[in-house]
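Visitor: Pasting the sequence and the predicted model now:
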Amino acid sequence: MTHRRQSSTSIAHAPLPLLGLVALVTLTPVRAAAQSGVAFGGSIGANVPVEDYGDATKLGLVVNGFAELRPAQVLALRGELFWSRSDIENPLVRDAGSVTLGREFENATGDVDLVGASADLLVALRGGAVQPYVIGGAGVFRRRVSQDVQGAVVEFRDLRESDTDAGFNGGVGLRFWLGGVAAFAEARYYSVATPGSRTNFVPVTVGLTF
């Protein structure tokens, strides 16, 4: 009877190490695959205007979508689409042809849209489940301004202007791996060579990659 009880206990517990081994073998490739290969993602957040752009516009909304090629766990090449909208509170466009808007006009209404595409390089500062990283790149951005300055000359009433220019970005982020998904928070400085003065802003975003 004693011999039978020992055999029964042995059989009951024998699968546990085997299950642990199976789980380890199964989950490890999933994690490795999540950190290499091709991934897609998106983010949303606040667009903080700075310098001259910050004098004319308010805090705005920003949305990004991207694809990443990851040749290594700590390296990624990102192709990104960018969109942002901010309300105008002071004139953003002060030159229309040969006419310049005087500094006495400091109230304006309207909005500005930024649409862009960039190629970026992401480098993680360490491996593991929590990864701080640096990111930067360059691209092309289109700015569309809808602006109205009451009391100004006709050129600055119901003004519509758009232009396409090159720009660059750079910043930092923190990425958290959760199985096959990564959550991240990111802040970057963008500078676009728009006519008159550069359009500079800092998007602060959170997002996911799959």
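Guide: Here it is on my side, so go on. Numbering: from 1, shown residues only.
Visitor: quick one, phi/psi of Y53?
Guide: phi -60, psi -40 (degrees, to the nearest 10).
Visitor: and it, what does it touch?
Guide: Neighbour list for Y53: 92, 197-201 [criterion: C-beta atoms under 8 Å, 6 or more residues apart in numbering]. C-beta: built from backbone N, CA, C; applies to glycine.
Visitor: Just checking, which helix or strand of the protein averages the lowest pLDDT?
Guide: helix 15-34 (a mean of 40; mean pLDDT, DSSP states H and E).
Visitor: That one: what's the following helix or strand?
Guide: strand 37-50 (DSSP states H and E).
Visitor: Run me through the strand neighbours of that next one, direction for each.
Guide: Sheet partners assigned to strand 37-50 using DSSP bridges are listed as strand 60-72 (antiparallel), strand 199-209 (antiparallel).
Visitor: Nearest to A152, out of these?
Guide: Across the strands paired with strand 37-50, A152 has its closest neighbour in strand 199-209 (21.6 Å, C-beta to C-beta).
Visitor: what's in contact with that closest one?
Guide: For strand 199-209, using C-beta under 8 Å, 6+ apart, the contacting residues are 39-54, 60, 62, 64, 68, 84, 114, 141, 143, 167, 171, 175, 181-192.
Visitor: Show me the domain layout of this structure.
Guide: 1-34, 36-209 (automatic domain parsing).
Visitor: how about the helices in the chain?
Guide: 2-13, 15-34, 51-56 (DSSP state H).
Visitor: before we move on, the earlier item: just the domains of the chain: most buried one?
Guide: A comparison of the domains of the chain by mean neighbour count, using mean count of other C-beta atoms under 10 Å, puts domain 36-209 on top with a mean of 17.
Visitor: mean confidence score for it?
Guide: Taken as a whole, domain 36-209 has an average pLDDT of 94.
Visitor: for that domain, the distance to its chain's centre please.
Guide: The chain centroid and the centroid of domain 36-209 are separated by 9 Å under C-alpha atoms, centre = their mean, to the nearest Å.
Visitor: F82 bridge partners, please.
Guide: Judged by DSSP bridges, the bridge partners of F82 are N64, G116.
Visitor: Renumber starting at 31 from here on
Guide: New numbering, starting at 31: the last item is F112.
Visitor: Would you enumerate the residues in contact with it?
Guide: Residues near F112 by C-beta under 8 Å, 6+ apart: 92-94, 144-148, 169, 171.
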